[in-house]
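Trainee: When you get a sec, could you give me coordinates for this:
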Amino acid sequence: MILAVTGGKGGVGKSTVSLNLGAELGGVVVDADLAMADLPTCHGPDLHDVLAGRAEPLEAVSTVGGVSMLPCGRTLAGARACDVTGVVGAVEQVADEYDHVIIDCPAGMSADAGLPLVAADSCVLVTVPRRFALADAVRTKVLARELGAGLCGVVLNRVRDDPPTEIVERTLGAPVTTLPESSVIADAQRHGRPVATAAPESDTRERFAELGRAIYSRRS
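Mentor: Below you'll find the model as predicted:
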């Protein structure tokens, strides 16, 4: 299964959801945000190197924070050296060796945001309970469907009291998992680790676990 984690806006929590789904599904997380990578990185080759022809995709997979990951570089020069059309092939090579690949997609509607969706079998859409964010999420859902990545779930992130879960489910047509504002997530992010290892007994971890189980069952 190749699962894209996508969203219409930056800053809604795509990278957080990607990292934690990687932990829950036991998969490889591919940081495909070539210009604004936000997942933990490590020494060694990364996706910039792969797309510039300096490394093979499997050579660049490493373990970061207990999660298998194909990280992305952080430099503008690295991003400029990439052949972005190689993203699909790189993801497919990783998927040949691993049962689950989770792609952290770039935000927005540009070509580099669309290419990971071309590679994906399905997607999870991350949004926040704001009117503008929901409108962007609808546009992203349409793009994903046009590119063959059907929507299998929605994460409504940073919710507070009385989240508009039913409205989001009706609007986007997929089950919604809510994630409240959480110091547990913030602490895990600071240490570059998923909640499953940072706070395995927390309610937040259970929500990520439920999301992972739901996605797995829908793809089985």
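
Trainee: Could you report the distance from the residue lying closest to residue 93 once chain neighbours are set aside to residue 68?
Mentor: Closest residue in space to residue 93, ignoring its immediate chain neighbours: residue 57 at 4.4 Å, by Cβ to Cβ, 6 or more residues apart in numbering. Every residue, glycine included, has its C-beta placed from N, CA and C. When Cβ to Cβ, to the nearest Å is the yardstick, residue 57 and residue 68 sit 12 Å from each other.

Trainee: what helices or strands is the longest strand seen in the chain leaning on?
Mentor: The strand spanning the most residues in the chain, taking DSSP state E as the definition, is strand 150-159. Under the contact criterion of 3 or more Cβ pairs under 8 Å, 6 or more residues apart in numbering; DSSP states H and E, the helices and strands touching strand 150-159 comprise helix 14-25, strand 122-127, helix 131-146, helix 165-172, strand 176-180, helix 203-219.

Trainee: if you set the cut-off to 10 Å instead, what comes out?
Mentor: Packed against strand 150-159 by the contact rule (3 or more Cβ pairs under 10 Å, 6 or more residues apart in numbering; DSSP states H and E) you find strand 2-6, helix 14-25, strand 122-127, helix 131-146, helix 165-172, strand 176-180, helix 203-219.

Trainee: now these in CSV, with mean neighbour count, mean pLDDT and distance to residue 77?
Mentor: Formatted as CSV, the helices and strands packed on strand 150-159 follow (neighbours: other Cβ atoms under 10 Å; pLDDT from 0 to 100; distance: least, Cβ to Cβ, whole Å):
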stretch, mean neighbour count, mean pLDDT, distance to residue 77
strand 2-6, 28, 95, 26
helix 14-25, 27, 94, 22
strand 122-127, 28, 94, 29
helix 131-146, 17, 89, 29
helix 165-172, 15, 92, 38
strand 176-180, 19, 92, 35
helix 203-219, 16, 87, 35
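
Trainee: Among the ones you listed, which comes closest to residue 53?
Mentor: Distances from residue 53 to each of the helices and strands packed on strand 150-159 were compared by Cβ to Cβ, and the smallest falls on strand 2-6, at 22.4 Å.

Trainee: Partner strands of that closest one and their direction?
Mentor: Each strand pairing with strand 2-6, determined using DSSP bridges, is listed with its direction: strand 101-104 (parallel), strand 122-127 (parallel).

Trainee: All set, thanks.
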